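Student: Sequence first, predicted model second:
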Amino acid sequence: MAFTLPDLPYVPTALEPHIDARTMEIHHGKHHAAYVNNLNAALQGTEHEGKTLEQLLANISNLPAAVRNNGGGHWNHTFFWSIMAPNAGGAPGGDLASAIDKAFGSLEEFKKQFATAAATRFGSGWAWLCVGEDGGLFITSTPNQDNPLMDIADKPGQPILGLDVWEHAYYLHYQNRRPDYVIAWWNVVNWAEVARRYAATR
Ligand code: MN
């Protein structure tokens with residue numbers, strides 16, 4: 001069963017003015033679609049055809065670069081669409097809020113550290129908030145389309161929030177101003193989904 005491009009969970013204009021519709025259309029319809037197509041092509045006729053994406057990522061050190069880049073790309077973007085929403089932003093509540101306070105001191109301090117991870121990821125990549133094996137939260141970043149589910153990750157964990165800092169994610173609207181994109185992005189973070197993902201790791 002080949003991988004397929006999932007629909008965006010909202011219309012491309014939904015995240016404006018923070019993320020513009022044209023960026024969303026190209027990001028989902030061209031970039032994400034290419035990762036799906038290239039992943040299927042890389043797996044076709046191999047013993048790895050039919051494995052789940054999570055199985056592939058957990059064994060990525062033994063797989064070709066095309067699977068790493070495009071399998072990561074498919075997982076990362078499917079995840080990314082889910083943790084954003086229109087009329088979102090604000091602050092998390094409940095257990096997630098407590099866990100963020102415990103790990104970082106406050107939501108503001110967490111946002112500061114996360115923004116630094118996003119801003120200082122050189123070139124293309126992602127910033128992540130993850131749940132570690134000890135159940136605690138940590139921030140990390142990965143290059144290219146790598147992610148913390150991969151067996152090659154410096155800091156492995158279960159991502160519950162992630163930010164795409166590839167130029168294709170922001171350049172049409174923000175050009176070189178990655179920090180402005182990060183600041184605006186907090187307005188579309190779907191904390192309810194992040195909390196659901198956090199709870200699922202417990
Ligand atoms: Mn992207």
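Tutor: Structure received. Numbers count the residues shown, from 1 in each chain.

Student: rest of the way, CA atoms for contacts and neighbours
Tutor: Will do.

Student: and the closest residue to Ala33 other than its chain neighbours, how many neighbours?
Tutor: Of all residues not flanking Ala33 in the chain, Leu5 sits nearest, at 5.9 Å (C-alpha to C-alpha, 6 or more residues apart in numbering). Leu5 is flanked by 16 other residues according to other C-alpha atoms under 10 Å.

Student: what pairs with the most centrally placed residue in the chain across the strands?
Tutor: By C-alpha atoms, centre = their mean, the chain has its centre lying nearest to Gly162, at 3.7 Å. Here Gly162 sits in beta bridges with Trp128, going by DSSP bridges.

Student: one step back: so the residue nearest to Ala33, which of the three states?
Tutor: coil (DSSP: H, G, I helix; E, B strand; the rest coil).

Student: Just the pLDDT at it, thanks.
Tutor: pLDDT recorded at Leu5 is 98.

Student: next helix or strand past the top helix by length along the chain?
Tutor: Secondary structure of the chain per DSSP state H: the longest helix is helix 65-82. Remark: after helix 65-82, the chain's next helix or strand is helix 94-104, criterion DSSP states H and E.

Student: So which bits of that next one are buried?
Tutor: Residues of helix 94-104 classed as buried: 96, 99-101, 104 (neighbour count, 16 or more other C-alpha atoms under 10 Å).

Student: okay if I get these as CSV plus pLDDT?
Tutor: CSV is the format used below for the buried residues of helix 94-104 (pLDDT from 0 to 100):
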residue, pLDDT
Leu96, 98
Ala99, 98
Ile100, 98
Asp101, 98
Phe104, 98
